[in-house]
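>>> Let me see the structure of the following:
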Amino acid sequence: SLRRSIQKERWQDVRHILSTEDGKARARTKSYVVSDESVTALHLACWHKAPADVVHMLIITGQPMMESMPNHMSPLHFSMVAKPTPSPEVVRLLLDAFPHDVSRPTSRVMG
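Residues are numbered from 1 along each chain as shown. From the prediction side, this is the model:
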(Lines give C-alpha, C1' and ligand atoms only; values in the text may rest on other atoms or scores of the structure.)
Protein backbone atom coordinates (compact mmCIF):
# COMPACT_ATOMS: atom_id res chain seq x y z
CA SER A 1 0.00 0.00 0.00
CA LEU A 2 1.03 3.62 -0.41
CA ARG A 3 0.97 4.23 3.33
CA ARG A 4 3.07 1.19 4.17
CA SER A 5 5.61 2.02 1.48
CA ILE A 6 5.95 5.58 2.77
CA GLN A 7 6.21 4.48 6.40
CA LYS A 8 8.87 1.89 5.55
CA GLU A 9 10.62 4.50 3.39
CA ARG A 10 10.55 2.24 0.35
CA TRP A 11 10.79 5.14 -2.06
CA GLN A 12 11.10 3.01 -5.20
CA ASP A 13 7.80 1.34 -4.30
CA VAL A 14 6.21 4.75 -3.70
CA ARG A 15 7.44 5.94 -7.10
CA HIS A 16 5.92 2.85 -8.71
CA ILE A 17 2.57 3.32 -6.94
CA LEU A 18 2.43 7.00 -7.92
CA SER A 19 3.17 6.16 -11.54
CA THR A 20 -0.24 4.47 -11.81
CA GLU A 21 -3.60 6.23 -12.10
CA ASP A 22 -4.91 4.23 -9.13
CA GLY A 23 -1.94 5.28 -7.02
CA LYS A 24 -2.39 8.93 -7.95
CA ALA A 25 -6.08 8.72 -7.09
CA ARG A 26 -5.28 7.17 -3.69
CA ALA A 27 -2.74 9.91 -2.97
CA ARG A 28 -5.34 12.56 -3.86
CA THR A 29 -8.27 11.17 -1.92
CA LYS A 30 -7.05 9.02 0.95
CA SER A 31 -6.29 10.41 4.37
CA TYR A 32 -4.14 8.77 7.02
CA VAL A 33 -4.19 9.08 10.80
CA VAL A 34 -1.00 10.23 12.52
CA SER A 35 -1.12 11.06 16.24
CA ASP A 36 -4.93 11.25 16.10
CA GLU A 37 -4.85 13.69 13.17
CA SER A 38 -6.01 13.09 9.62
CA VAL A 39 -3.23 13.87 7.14
CA THR A 40 -2.49 13.45 3.43
CA ALA A 41 0.04 11.16 1.78
CA LEU A 42 2.22 14.25 1.30
CA HIS A 43 2.20 14.94 5.05
CA LEU A 44 3.16 11.33 5.71
CA ALA A 45 5.96 11.45 3.14
CA CYS A 46 7.31 14.69 4.62
CA TRP A 47 7.29 13.14 8.09
CA HIS A 48 9.33 10.22 6.76
CA LYS A 49 11.78 12.45 4.88
CA ALA A 50 10.84 11.46 1.35
CA PRO A 51 13.33 12.43 -1.36
CA ALA A 52 12.54 15.50 -3.45
CA ASP A 53 11.30 13.57 -6.48
CA VAL A 54 8.72 11.71 -4.37
CA VAL A 55 7.58 14.97 -2.73
CA HIS A 56 7.24 16.47 -6.21
CA MET A 57 5.21 13.48 -7.44
CA LEU A 58 2.83 13.86 -4.51
CA ILE A 59 2.49 17.62 -5.01
CA ILE A 60 1.56 17.24 -8.67
CA THR A 61 -1.10 14.61 -7.91
CA GLY A 62 -3.14 17.46 -6.41
CA GLN A 63 -3.39 17.10 -2.68
CA PRO A 64 -6.68 17.79 -0.89
CA MET A 65 -7.03 21.00 1.09
CA MET A 66 -5.43 20.83 4.52
CA GLU A 67 -7.43 23.64 6.08
CA SER A 68 -9.61 21.12 7.90
CA MET A 69 -6.73 19.80 9.96
CA PRO A 70 -7.37 20.81 13.58
CA ASN A 71 -3.73 21.63 14.30
CA HIS A 72 -3.13 23.35 10.93
CA MET A 73 0.09 21.41 10.35
CA SER A 74 1.06 21.64 6.69
CA PRO A 75 3.42 19.26 4.88
CA LEU A 76 6.11 21.93 5.35
CA HIS A 77 5.49 21.90 9.11
CA PHE A 78 5.67 18.09 9.17
CA SER A 79 8.97 18.11 7.29
CA MET A 80 10.51 20.67 9.65
CA VAL A 81 9.39 18.90 12.85
CA ALA A 82 10.73 15.48 11.87
CA LYS A 83 14.45 14.86 12.20
CA PRO A 84 16.71 15.29 10.36
CA THR A 85 15.53 18.49 8.73
CA PRO A 86 14.56 18.21 5.06
CA SER A 87 16.81 18.94 2.14
CA PRO A 88 16.74 22.49 0.75
CA GLU A 89 15.23 21.05 -2.44
CA VAL A 90 12.26 19.58 -0.53
CA VAL A 91 11.74 22.84 1.36
CA ARG A 92 11.76 24.79 -1.92
CA LEU A 93 9.23 22.39 -3.50
CA LEU A 94 6.90 22.78 -0.53
CA LEU A 95 7.28 26.56 -0.39
CA ASP A 96 6.63 26.88 -4.12
CA ALA A 97 3.58 24.61 -3.92
CA PHE A 98 2.14 26.05 -0.71
CA PRO A 99 3.50 29.60 -0.19
CA HIS A 100 0.76 30.43 2.34
CA ASP A 101 2.19 27.79 4.72
CA VAL A 102 5.00 30.14 5.72
CA SER A 103 2.63 32.32 7.70
CA ARG A 104 0.19 29.60 8.81
CA PRO A 105 0.17 29.25 12.61
CA THR A 106 0.09 25.83 14.19
CA SER A 107 -1.64 24.94 17.41
CA ARG A 108 0.73 22.19 18.46
CA VAL A 109 3.79 20.23 17.46
CA MET A 110 3.46 16.63 16.37
CA GLY A 111 5.64 14.15 18.19
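>>> Please tell me how far the residue nearest to the spatial centre of the chain sits from Arg4.
The centroid of the chain falls nearest to Leu42 when counting by C-alpha atoms, centre = their mean (1.9 Å). Noted for Leu42: a distance of 16 Å to Arg4, by C-beta to C-beta, to the nearest Å. All C-beta spots, glycine's among them, are computed from the backbone N, C-alpha and C.
>>> now swap in Ala52 and tell me
21 Å.
>>> More neighbours: these two, which one.
Ala52 (16 against 10; other C-beta atoms under 10 Å).
>>> for that one, what are its contacts?
Contacts for Ala52 (C-beta atoms under 8 Å, 6 or more residues apart in numbering) come out as Ser87, Glu89, Val90, Leu93.
>>> What residues of the helix or strand hosting the last one count as buried?
According to DSSP states H and E, Leu93 maps onto helix 88-97. Buried residues in helix 88-97, defined by neighbour count with 16 or more other C-beta atoms under 10 Å: Val90, Val91, Leu93, Leu94, Ala97.
>>> can you tell me which residues contact the fourth one?
Think Leu94. Cys46, Val55, Ile59, Ser74, Pro75, Leu76, Ser79, Pro86, Asp101.
>>> quick check, nearest of those residues to Trp11?
Val55 (10.4 Å; C-beta to C-beta).
>>> Counting neighbours, what do you get for that closest one?
24.
>>> cool, and Arg15?
15.
>>> repeat for Ala50
24.
>>> what do you get for Lys8?
Counted with other C-beta under 10 Å, Lys8 comes out at 11.
>>> Could you do Leu18 as well?
Neighbours of Leu18 (other C-beta under 10 Å): 23.
>>> Is it correct that it is in contact with Ala27?
Yes - in this structure, Leu18 is within contact of Ala27 by C-beta atoms under 8 Å, at 6.2 Å.
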